[in-house]
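Student: sequence plus predicted model, see below.
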Amino acid sequence: MSLLRIHVTEIIEGDQLINDIFNNYGLHVLSNGTRLYKKEVSRLLQHQIDFVEILDREATDKPEKRTLESTVTPKWLPTVGPVYESAVNCFQQLFEQALESGTIDTKQVQSVTEPLLNNLQLERDVVSMLLLLNSHSSYTYQHSVQVSMLSYYLATWLGYSLEEATLIGQAGFLHDIGKCRIPESILNKPAKLTEHEFAEVKLHTVYGHEIILGSFQEELLAIAALQHHERIDGSGYPNGLKGDEIHPIAMIIAVVDIYSAMISTRVYQQERDLLYVLRELYRLSFDQLDPNTTHTFIKHMIPNFIGKKVRMNNDQYGIIVMTHPTDFFRPLIQIGDTFIDLTQERGYEIVHVYM
């Protein structure tokens with residue numbers, strides 16, 4: 001049997017270990033025969049494993065060799081992918097239905113959101129999942145499905161039951177349904193909106209509240225649509241609510257709505273670096289967004305960056321090895337054979353994360 005001894009940074013997706021891996025304390029890390037993907041490499045880095053022995057790549061039957069920077073196709077994708085696309089298509093139908101009749105089919109909402117949200121339990125790397133599922137569908141439709149998924153996740157992280165989280169996920173799915181009454185020329189305008197146009201956009205919260213109240217017996221879904229642009233300092237709309245005047249479910253949707261909007265490419269916006277978006281949410285948590293809700297979201301999203309390649313402010317490239325539980329944006333970075341703790345080395349900054 002032919003083998004290769006390589007540094008962990010040289011691993012190619014699908015490489016196969018030929019022996020058990022133990023860390024310096026004798027703890028078992030990975031088993032002989034394990035195929036190496038992003039999660040396995042992340043584990044090796046966390047345990048400070050520098051070199052591994054793999055089966056010679058010429059002896060394997062991998063049809064394609066891809067570096068770890070490339071997109072992984074995880075086990076859940078064949079299941080969740082079609083459900084995701086179905087949800088995007090369903091929202092488009094609901095959008096058109098709401099514009100035409102002023103109501104939506106509640107059974108249709110449940111039939112598409114429940115399998116989507118149930119399947120989310122298969123995967124916890126939310127960052128990679130959204131990027132893998134991203135399609136070329138209309139922003140409005142896809143955004144609503146993403147907000148549904150993220151609302152569900154955040155609700156579970158905040159301690160809501162699965163039943164409650166499913167309701168919150170449905171609220172996220174419907175939060176923008178009122179945009180069906182906003183002219184497409186305004187929704188997709190590439191230039192800055194006029195004061196009149198922006199006033200019209202703000203009304204989507206009121207329209208959504210009306211449509212949902214006329215369709216569902218669950219008032220919380222309507223309240224979430226009405227209040228998801230309210231801000232705890234009173235700067236939001238449509239009613240300028242403050243603090244506890246805003247329903248907790250609307251606070252959840254406010255956080256994930258901003259996250260999904262900022263990571264998306266639109267006619268008037270290029271997508272932003274994912275770590276930058278979380279930093280922006282952190283900044284908003286001091287005046288506009290509920291701090292506990294926002295920090296819970298960030299705390300659970302940050303570990304998804306472990307194993308991701310980054311570019312530093314000195315133009316060096318490294319890999320995120322560990323994240324910090326409170327200093328969210330200053331993880332442990334490996335650059336070559338060197339480990340840099342950004343909580344101690346304050347001169348270093350991450351400028352881009354590669355997914």
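Tutor: Perfect, I can see it now. Numbering: from 1, shown residues only.

Student: list the buried ones in stretch 311-324?
Tutor: For stretch 311-324, the neighbour count (16 or more other CB atoms under 10 Å) marks Met312, Gly318, Ile319, Ile320, Val321, Thr323 as buried. Any C-beta I mention is one placed from the backbone N, CA and C, and that applies to glycine too.

Student: strands - which of those land there?
Tutor: Using DSSP state E, Met312, Gly318, Ile319, Ile320, Val321 are the members of the buried residues of stretch 311-324 that sit in strands.

Student: now the two most distant members of these.
Tutor: By the measure CB to CB, Met312 and Val321 form the most distant pair in these, at 13.6 Å.

Student: what is in contact with these two at once?
Tutor: Here Met312 and Val321 share the contacting residues Ile333, scored by CB atoms under 8 Å, 6 or more residues apart in numbering.

Student: show me the chain divided up by domain.
Tutor: For the chain, automatic domain parsing gives the domain ranges 3-67, 77-302, 306-354.

Student: Ser215 belongs to a strand?
Tutor: No. Looking at Ser215 with DSSP: H, G, I helix; E, B strand; the rest coil, it is coil, so not inside a strand.

Student: that one reaches Thr106, doesn't it?
Tutor: Yes. Between Ser215 and Thr106 there is a contact at 5.7 Å, judged by CB atoms under 8 Å.

Student: which one's more surrounded, those two?
Tutor: Ranked by neighbour count (other CB atoms under 10 Å), Ser215 and Thr106 place Ser215 first, with 22 against 15.

Student: so what's the more buried one up against?
Tutor: Thr103, Ile104, Asp105, Thr106.

Student: need phi/psi at the first one.
Tutor: Pointing back at Thr103 there. Main-chain torsions, Thr103, degrees, to the nearest 10: phi -140, psi 170.

Student: the last one too?
Tutor: Geometry field for Thr106 lists phi and psi as phi -60, psi -40, criterion degrees, to the nearest 10.

Student: residue contacts, it?
Tutor: Applying CB under 8 Å, 6+ apart, the residues contacting Thr106 are Ser215, Phe216.

Student: helices or strands next to the strand or helix carrying Glu197 in the packing?
Tutor: Using DSSP states H and E, Glu197 maps to helix 195-202. Here helix 195-202 touches helix 184-187, going by 3 or more CB pairs under 8 Å, 6 or more residues apart in numbering; DSSP states H and E.

Student: circling back: lowest average pLDDT across the domains of the chain?
Tutor: Mean pLDDT is lowest for domain 3-67 among those, at a mean of 75.
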